[in-house]
Each structure stands twice: as structure tokens, then as C-alpha cells.
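Undergrad: Just need the structure, nothing else, for what follows:
(2 chains)
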Amino acid sequence: DAGVIQSPRHEVTEMGQEVTLRCKPISGHDYLFWYRQTMMRGLELLIYFNNNVPIDDSGMPEDRFSAKMPNASFSTLKIQPSEPRDSAVYFCASSFFPRANEKLFFGSGTQLSVL
Amino acid sequence: DAKTTQPTSMDCAEGRAANLPCNHSTISGNEYVYWYRQIHSQGPQYIIHGLKNNETNEMASLIITEDRKSSTLILPHATLRDTAVYYCIVRVGSSGSARQLTFGSGTQLTVLP
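TA: Below you'll find the model as predicted:
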């Protein structure tokens, strides 16, 4: 299995531009998570989906952030307009189920730099 | 969720056992102990989890004290590739939400040659 695949690996953009991050979860996984990691705040859960439906988006920082999961094999996280404080590493993770023996499988992340 | 306390950093000699402690003195009866690690520039990786019994898998062993207030992750023969930040997480089981998998600051383990 190729694991969770994220693209792009690195993204550099200017303030005000739209940014789209992409994620392909592991086939057969029915949960998908978007995390953000910064030095100041560590790893934060932004949103997660179950069977393509958003379940909890309370971690999304503001309306500039949106996430979609049009099908079981693809999800996007969009920032519009982007700001320098959005600079971070964004991770996507997938899982079979959030039960007691839950194991999250993380992608390699997208390093976002907003200038 | 119970809070966890881990040392900020630890060193270990290559080939020796690495013992990473975690304190979770306010853990509840239905909360599990999870360990993840994050190697530099990679996403976190699941290592192991347990409720009250000691657990072992191909990566590590997890020792949970009888009162469940602390645990130790053991890497039996550390290699340079085990250098990473190790996160100890306590969360409820099947009734919990994904939000409860909260990553703290972790322990930076450095394996020295």
C-alpha cells in the first residue's frame, strides 16, 4: 500500500492567494483527518470526515479555511485568501475507525509558506 | 482527557534500550495509553497502545503500572533511525471522538552513535 499521499510536498505562495492542499487516503479507510503543525501550537486537529461527511470542523481556524471530501479517495483543504500566519505543515491522516484500537496513518505533509 | 507529562528530551546510546516515561496520574478507567512518534520532516507514526496490560509489538513494548498512573515505552535496541519526538497520548476508547487524540509536546529522543 502506498500509504496516505499528500500533494504538493512544498507550497510557497504570496499573501492573498488561494492555496489548495490535496490528500489521498489509504484505500478502504473510512475516516480522514486534517492536522496542522506549527512550532508554537504543535499538532492541531482541523477537521475530520467519516464516510466523506465532515463530522467535526471545530478546529478550522476561520472562514478562510474550507475542506471537502468529494469521494472516498480524495480530499482537499483550501485556504482563501492565505495569510503569513497560515504558514505551517499540514498533515492528512486516515483510519479505519476511531475506536479504542485506533491507528492513524499520516501522510508526509505539505510544508506551506505564505510570504 | 487525562493530561500527560513527558520529559522534554532524552538521549540513548545506539544498541541500548530506550525507556521513555510518561506520567498520566489523572487517567480514567476507560482511557487508553497511545504512543506515536514523529521523525523529522515526516508525519506522526503509530507505535503501540494499551489499557492496563503490558503490550508488545514489532516496534516496541509498553509497560503500564498497576495503578495506571504512568507508563514506559521501551525500544529494546535503539537505532539512529529511532531519533524522533515521541508522543504519549491518553484518550477514551470507542465512545471518544477523534478530537481527543491530542498531541502534546512529546519527548525528543536522540539516539547517539
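
Undergrad: ok, now which ones touch the spatially most central residue of chain A?
TA: Closest residue to the average C-alpha location of chain A: A:Trp34 at 3.0 Å, with CA atoms, centre = their mean. A:Trp34 makes contacts with A:23, A:45-48, A:67, A:75, A:77, A:90-92, as judged by CB atoms under 8 Å, 6 or more residues apart in numbering or on different chains. Heads up, the C-betas are built off the backbone N, CA and C, glycines and all.

Undergrad: Now the phi/psi pair for it, please.
TA: phi -120, psi 130 (degrees, to the nearest 10).

Undergrad: Around chain B, which positions in chain A sit nearby?
TA: By CB under 8 Å from any CB of the partner chain, the residues of chain A that approach chain B are A:4, A:31, A:33, A:42-43, A:45, A:48, A:55-56, A:58-59, A:91, A:93, A:98-109.

Undergrad: rewinding a little: can you list which of the contacts of A:Trp34 are found in strands?
TA: A:23, A:45-48, A:67, A:75, A:77, A:90-92 (DSSP state E).

Undergrad: of those residues, buried ones?
TA: A:23, A:45-48, A:67, A:75, A:77, A:90-92 (16 or more other CB atoms under 10 Å in any protein chain shown).

Undergrad: Low-confidence bits of chain A, can you list those?
TA: Scanning chain A for pLDDT under 70 picks out the ranges A:1, A:97-101.

Undergrad: For chain A, give the residue positioned nearest to chain B.
TA: A:Phe106 (2.9 Å; CB to the nearest CB).

Undergrad: A:Ile55 versus A:Ser27, what's the distance?
TA: 20 Å (CB to CB, to the nearest Å).

Undergrad: which of these two has more neighbours?
TA: The neighbour comparison of A:Ser27 against A:Ile55 (other CB atoms under 10 Å in any protein chain shown) goes to A:Ile55, with 16 against 10.
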